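Student: show me how the following folds:
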Amino acid sequence: MTFREFEDRERVQADDARLELELALHRNKCDHEVVVLDARSKDALLRTHKRYFADLDELIADLVNTVSSFAVRDRRT
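Tutor: Below is the predicted model of the structure:
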């Protein structure tokens with residue numbers, strides 16, 4: 001994973017860098033996702049877009065915690 005930061009005023013440069021990288025990956029037949037994410041801080045970005053930064057074990061643990069917090073109700077009448 002490559003993480004590159006841009007200032008708010010550099011949005012056009014960020015979009016251009018994304019496109020350039022996507023084209024290069026496509027030419028090399030690499031199937032990778034390239035995204036531009038926007039957040040107030042790196043910490044906020046890591047919280048709001050965790051799937052890009054967490055490993056599989058972390059994502060599974062989060063899913064288990066989320067699912068286990070739901071109450072299961074018997075709908076039989």
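
Student: extract the C-alpha trace of the longest helix belonging to the chain and format it as PDB.
Tutor: Using DSSP state H to define each element, the chain has its longest helix at helix 11-27. Backbone C-alpha positions of helix 11-27 (Å, rounded to 0.1, in the frame of the first residue of the first chain) are rendered in PDB as follows:
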ATOM      1  CA  ARG A  11      -7.100  18.300  -4.900                       C
ATOM      2  CA  VAL A  12      -6.500  18.500  -8.700                       C
ATOM      3  CA  GLN A  13      -2.900  17.100  -8.200                       C
ATOM      4  CA  ALA A  14      -4.300  14.300  -6.000                       C
ATOM      5  CA  ASP A  15      -6.800  13.400  -8.700                       C
ATOM      6  CA  ASP A  16      -4.100  13.600 -11.400                       C
ATOM      7  CA  ALA A  17      -1.800  11.300  -9.400                       C
ATOM      8  CA  ARG A  18      -4.600   8.800  -8.900                       C
ATOM      9  CA  LEU A  19      -5.300   8.700 -12.600                       C
ATOM     10  CA  GLU A  20      -1.700   8.400 -13.500                       C
ATOM     11  CA  LEU A  21      -1.200   5.500 -11.100                       C
ATOM     12  CA  GLU A  22      -4.400   3.800 -12.300                       C
ATOM     13  CA  LEU A  23      -3.200   4.000 -16.000                       C
ATOM     14  CA  ALA A  24       0.300   2.700 -15.100                       C
ATOM     15  CA  LEU A  25      -1.200  -0.200 -13.200                       C
ATOM     16  CA  HIS A  26      -3.600  -1.000 -16.000                       C
ATOM     17  CA  ARG A  27      -0.700  -1.000 -18.500                       C
END
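
Student: point to the residue nearest the middle of the chain.
Tutor: Tyr52 (3.3 Å; CA atoms, centre = their mean).

Student: that one contacts Val34, doesn't it?
Tutor: No. The pair Tyr52 / Val34 is not scored as a contact, 10.9 Å apart, by CB atoms under 8 Å. Bear in mind the C-beta positions are built from the backbone N, C-alpha and C, glycine included.
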